[in-house]
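> What follows is a predicted structure for the sequence shown.
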Amino acid sequence: MKVLWLARVLVGAVLTVSPKAHAQEVTQAGGRVVNQPSTLPKPQALPTPSPESEETRAQKQGFLPKSIPNFANTEEAKTDFVDVCKNIRITKKEKIDLTSMENRLICGDPQDGEIGTPWSQIPPNEAAYFLKGFLQTRGYHQPEFIQDGLLLFVRVGPISTLKRLEILGGPPGFQPPRRRLVQGEPLTPAMLNDLDTWALSLMKNEGYACAETETRADPELGEVVVFVKPNGLRRIRSLEEAGDTGLREGALNRYNAFLMNDIYRERWVALTRRRTQDDGFLQTMVLTTKCEEGDAVSLIRDVNLGPSRVIRIGVGGSTAEGGRVQAVIRRNRIGTSASSAQASVRLSYLEKEINRQTASGNFRWYYLHGEERYSLRPEITFEHLSQPTAESNVMLVKFLHGWTFETTNGQWDLRAGPDYQYEDQQRVETPKTINIAYLELGARWTDHDFEWFTPSPRTGKSLEATLLGAHKDAFSDYNVQRFDLQGQKLWTIGHSDPPFFILGTRFNVGSVFAESNEIQSRLPLRFLSFLGGERDLRGYRYQSIQRNGGGALSHATVSLEGRFHRVIFKRADVFGFIDSGLLGDRNFGLTHPLYLSPGLGLRWESPVGTLRGYVAQSMAVSNAEVAYPNSVRLGITFGEEF
């Protein structure tokens, strides 16, 4: 990665800009891949400067301000400038907020001692040298400095903004996306670094692990050009370990979001790092890319284990379910297989009829050497659940076997094993106690795009299927099965980054299969269907839609949402949606009414989590002559997505 300004480097202050005729190179470290020498040709020849005097050249470079005796007595000096400090004045129409360190470097250090005393007096030419760089970091590339004795006057000049961005080069057929939200922004070194890194990541996410970029900018015209050299498509041929983790060989590979001989994708390498750290397994992990001969690229994994215990506390909430608090304590790296144990508590409360308290513990034992993605997953959960139609106290014990495996595009997570559930139901037509044992089978598919963009959903898909089956000869009083299938798909519409419009859909279908439809009153709430709330019909109260005084035996919901991304002050989103749902009181039989919930809302990715607010309408469509009330509901969620 190479960044070229039509400028001169100022070490410590980043840059100072001279006219276009005096462009020089600035090389930023850290962007070039290991062992990959720069072979980029000069995109174009820069103009050769005409001969100048030493004084003229020094003035342009900022070492020697223009000397104008008695300038301080002019009308311009008295009316157009304000004091920055005792000996420096700046044009007052521009508000430049300097940091305390920057002030000390141009105005002098007021402190005494070995450090402060040598910096107590800053010569005007040295102050101009530093100040030029400070202004440049704020987008001011054409300042003018005037010296009158010990006084330094600074005409800040116009701010340079980005007016045009162009990416040249790349592999055949490469069409870079249009970069949004940068037009009209101040043209600063930080922006150049960001644009250069962005262009380089485009190449690396397409498989060009050893790509190079070179960026040139003209601050006067507001133009930036990024030249890209792909250096060939690469495949991951090896993964090397740096240092000793104390774990058995391959234990970390269960977090890999890639396969050997896959085409290199920088995003999946970063996803591997994020998986490992989000799991609380490591404190840091660095995956270094090393380019080899031919089409090969090697990854070198260097880890810092950090503490083996992790404590996390999170908060969230919604107007549907109330505020939520969750605390988790996790013990990682148990044994050389890096098994883990976790205990968690989750509390939510909106009102007396809508609240939930859950305490759970689980253990993941990676028992099979050489197959690091197989695990036993025993788990126990105690829960008190209160919703508009029922209240229950539950103990759920699971003993599942799990297996995850990676493909080129995503990850499968499979699980199977017996469950035992004790449930005490209250606030129903007939309070009862239920004991039931059943087999749980589940499969979840998540593609890499969906997983990577979880903090800011924009593309990808996920799908999950669950089957619960109880048999009267296996610790159950009846035969019953429950099947659920749910999925989500997101599309980025257009060819821009970040995307301008995102379209998403989600669905959820499920049904109970039993010998009789009269079994409803004998089932635990986990086997029944309720609608209403953020997860399905946002215009309705949480879990308020039911059948026959209790949960339904089958359901189907579909939602469609369109979102205009970062269109309000370049930060907030506008979205619209329509939710729909049906319930049924027999095996996979859905009946009217059709529940609908259209709405509009705003979304903001705040520094501490996603905040969404919306207004939704509830309505129902039926082929019977029955009137259903319509109402408007205001919803707010924190920490939840579509």
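It's in.
> Nearest to the spatial middle of this protein, which residue is it?
In the chain, the centroid-proximal residue (Cα atoms, centre = their mean) is Pro455; its distance is 3.5 Å.
> Now name the helix or strand holding it.
Counting by DSSP states H and E, no helix or strand carries Pro455.
> ok, it to Arg541 distance?
For Pro455, the distance to Arg541 equals 29 Å [Cβ to Cβ, to the nearest Å]. For every residue, glycine as well, the C-beta is placed using N, CA and C.
> repeat for Phe453
In terms of Cβ to Cβ, Phe453 sits 31 Å off from Arg541.
> more crowded one of those two?
Comparing Phe453 with Arg541 by other Cβ atoms under 10 Å, the one with more neighbours is Arg541, at 19 against 16.
> Verify the stated contact: that one with Glu534.
No. If you go by Cβ atoms under 8 Å, Arg541 and Glu534 don't touch, sitting 11.2 Å apart.
> shared neighbours of the two, which are they?
Counting by Cβ atoms under 8 Å, 6 or more residues apart in numbering, the residues touching both Arg541 and Glu534 are Ala320.
> hmm, back to that, now do the residue nearest to the centre of the chain against Leu202, distance only.
Pro455 sits 20 Å away from Leu202, going by Cβ to Cβ.
> now Pro123
Counting by Cβ to Cβ, the gap from Pro123 to Leu202 is 46 Å.
> more neighbours, these two?
Leu202 (22 against 12).
> Doesn't Ala556 lie inside a strand?
Yes. Assigned with DSSP: H, G, I helix; E, B strand; the rest coil, Ala556 falls within a strand.
> ok, now how distant is it from Asp536?
According to Cβ to Cβ, Ala556 and Asp536 sit 10 Å apart.
> what about Asn508, is that helix, strand or coil?
Looking at Asn508 with three-state DSSP, the answer is strand.
> from now on call the first residue 518
Sure, I'll start counting at 518 from here, so that last one is Asn1025.
> max-length helix in the protein?
The helix that spans the most residues within the chain, counting by DSSP state H, is helix 706-722.
> Just the buried positions in that one, please.
706, 708-710, 712-722 (16 or more other Cβ atoms under 10 Å).
> could you say what helices and strands the helix or strand that comes right after it packs with?
Using DSSP H and E, the helix or strand that follows helix 706-722 in sequence is strand 729-735. Applying 3 or more Cβ pairs under 8 Å, 6 or more residues apart in numbering; DSSP states H and E, one finds that strand 729-735 makes contact with strand 519-527, helix 706-722, strand 740-746.
> Minimum distance to Pro1015: which of these has it?
helix 706-722 (10.6 Å; Cβ to Cβ).
> ok now do Gln998, which residues does it touch?
Taking Cβ under 8 Å, 6+ apart as the test, what Gln998 contacts is 984-987, 1029-1031.
> Ranking by neighbours, what's the top pick from these?
Val1029 leads the contacts of Gln998 on contacts (other Cβ under 10 Å) with 25 neighbours.
> From the chain's centroid, how far away is the helix or strand harbouring it?
For Val1029, the host element (DSSP H and E) is strand 1018-1031. Mean-position distance between strand 1018-1031 and its chain equals 24 Å (Cα atoms, centre = their mean, to the nearest Å).
> same deal with stretch 707-718?
Distance, centroid of stretch 707-718 to centroid of chain: 18 Å (Cα atoms, centre = their mean).
> what's the answer for stretch 1113-1132, then?
The answer for stretch 1113-1132 is 16 Å, by Cα atoms, centre = their mean.
> Buried residues, it. List them.
Neighbour-count burial for stretch 1113-1132 [16+ other Cβ under 10 Å]: 1113-1116, 1118, 1120, 1122, 1127-1129, 1131.
> Residues contacting it, please?
So stretch 1113-1132 is in contact with 833, 972-973, 1054-1057, 1080, 1085, 1088-1097, 1133-1138, 1149-1158, going by Cβ under 8 Å, 6+ apart.
> try 6 Å
Stretch 1113-1132 is contacted by residues 1054-1056, 1089-1090, 1092-1097, 1133-1136, 1151-1156 when judged by Cβ atoms under 6 Å, 6 or more residues apart in numbering.
> Same question for stretch 1074-1094: list its buried residues.
Buried, per 16+ other Cβ under 10 Å, within stretch 1074-1094: 1074, 1076-1083, 1089-1090, 1092, 1094.
> Would you mind listing the two of the residues you listed that lie farthest apart?
Thr1074 and Arg1083 (28.5 Å).
> ok, which stretches of the stretch 768-917 of the chain are strands?
All strands of the stretch 768-917 of the chain, identified by DSSP state E, counting those that start in this stretch, fall at 801-808, 813-821, 826-835, 839-851, 856-868, 871-881, 891-904, 907-923.
> any chance of the ones you listed in TSV, plus mean pLDDT?
Formatted as TSV, the strands of the stretch 768-917 of the chain follow (pLDDT from 0 to 100):
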stretch	mean pLDDT
strand 801-808	90
strand 813-821	92
strand 826-835	90
strand 839-851	92
strand 856-868	95
strand 871-881	96
strand 891-904	96
strand 907-923	95
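> Can you say which of those is nearest to Ala787?
The nearest among the strands of the stretch 768-917 of the chain, by Cβ to Cβ, is strand 801-808 at 8.1 Å.
> what about Lys610, how many residues close to it?
8.
> Help me confirm that it is found in a strand?
No. Assigned with three-state DSSP, Lys610 falls outside any strand and is coil.
> For Val673, see how far away it is.
8 Å.
> Equivalent analysis for Asp761, please.
For Asp761, the distance to Val673 - Cβ to Cβ - is 56 Å.
> Same check on Gln628?
For Gln628, the distance to Val673 - Cβ to Cβ - is 28 Å.
> okay, the two: which has more neighbours?
Val673 (19 against 11).
> Name the nearest residue to the more buried one, ignoring sequence neighbours.
Glu611 (4.3 Å; Cβ to Cβ, 6 or more residues apart in numbering).
> these two touch, right, that neighbour and Arg672?
No. Judged on Cβ atoms under 6 Å, Glu611 makes no contact with Arg672 at a distance of 9.3 Å.
> and the contacts of stretch 1113-1132, which are buried?
Using 16+ other Cβ under 10 Å as the burial test, the contacts of stretch 1113-1132 include 1054-1056, 1089-1090, 1092, 1094-1097, 1133-1136, 1152, 1154-1156 as buried.
> Now go through those residues and say which are in strands.
1089-1090, 1092, 1094-1097, 1133-1136, 1152, 1154-1155 (DSSP state E).
> Adding pLDDT and distance to Pro824, write those out as TSV.
Shown next, in TSV, are those (pLDDT from 0 to 100; distance: Cβ to Cβ, whole Å):
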residue	pLDDT	distance to Pro824
Ala1089	97	37
Asp1090	97	37
Phe1092	98	40
Phe1094	98	42
Ile1095	98	47
Asp1096	97	43
Ser1097	97	48
Ala1133	97	44
Gln1134	95	50
Ser1135	94	49
Met1136	93	53
Gly1152	95	39
Thr1154	95	32
Phe1155	93	29
